[in-house]
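Colleague: A structural model of the following input is requested.
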Amino acid sequence: DLWGDRERFVRLVARLTGTQPLMAAERVTAVTTQLDEYFHQQRQEFDLPLDWSVMTPFQEAALRAVAAVGYGRVSTYAQIAQRIGKPKAVRAVGRANGSNPMPIIIPCHRILGSDGKLHGYGAPGGLETKAWLLRLEGYETGF
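Modeller: Modelled structure (predicted):
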């Protein structure tokens, strides 16, 4: 289970949306509905409120750039660094991507190494999960 038990997931949603747990419980339905639609290829973008203030300014910039990478498309860590005006911060972009608090919703799986290959994915299943998500979106990884 990617998110763990419901109570843990509610606490995560509360933290990431800047709400109290009771309000977050209501949002869990929206999150799970949109994820279900994504996994059934009925949704390509998520429409969920995120509290970006839980991140450092650099993480926010990097992950907003990651969030802008469209469904079925990929980018590299170096391209994300360029987009946020920090071309030498490739490894820092990788760390920000690795600390992504909402994988899939902020599509960190769409970010590849400069060699065009899969590198790092901290969610359960690691690179196999990353490759599976990309294939779900119609991007063949060769992994």
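
Colleague: just for this structure, where's the confidence low?
Modeller: Within the chain, the stretches with pLDDT under 70 are 1-6, 10-26.

Colleague: so who does the residue lying closest to Leu63 once chain neighbours are set aside touch?
Modeller: Closest residue in space to Leu63, ignoring its immediate chain neighbours: Ile106 at 5.2 Å, by CB to CB, 6 or more residues apart in numbering. Glycine gets a C-beta too; all of them are placed from N, C-alpha and C. For Ile106, the contact set (CB atoms under 8 Å, 6 or more residues apart in numbering) comprises 50, 63, 66-67, 100.

Colleague: ok, the residues you listed vs Gly142, which is closest?
Modeller: Val66 (21.7 Å; CB to CB).

Colleague: isn't the closest one up against Cys108?
Modeller: Yes: under the contact definition of CB atoms under 8 Å, Val66 touches Cys108, with a separation of 5.7 Å.

Colleague: overlap in contacts, those two.
Modeller: Shared contacts of Val66 and Cys108, defined by CB under 8 Å, 6+ apart, comprise 97, 100.

Colleague: Provide the backbone phi and psi angles at Tyr77.
Modeller: Here the main-chain torsion angles of Tyr77 (degrees, to the nearest 10) amount to phi -60, psi -40.

Colleague: as a check, name the ranges of all strands in this protein.
Modeller: Counting by DSSP state E, the chain has these strands, from start to end: 75-76, 111-112.

Colleague: what's in contact with the last one?
Modeller: The list of residues contacting strand 111-112 from outside it, by CB under 8 Å, 6+ apart, reads 66, 69, 74-77, 80, 93, 97, 118-119.

Colleague: one more time with 10 Å, if that's ok
Modeller: Outside strand 111-112, the residues within contact range by CB atoms under 10 Å, 6 or more residues apart in numbering are 62, 65-66, 69, 74-80, 93-94, 97-98, 100, 118-121, 130, 134, 139, 141.

Colleague: okay, now the sheet partners of it, with direction.
Modeller: According to DSSP bridges, strand 111-112 forms sheet pairs with strand 75-76 (parallel).

Colleague: how far out from the middle of the chain is the strand it pairs with?
Modeller: Its chain's average C-alpha position is 14 Å from that of strand 75-76, according to CA atoms, centre = their mean, to the nearest Å.
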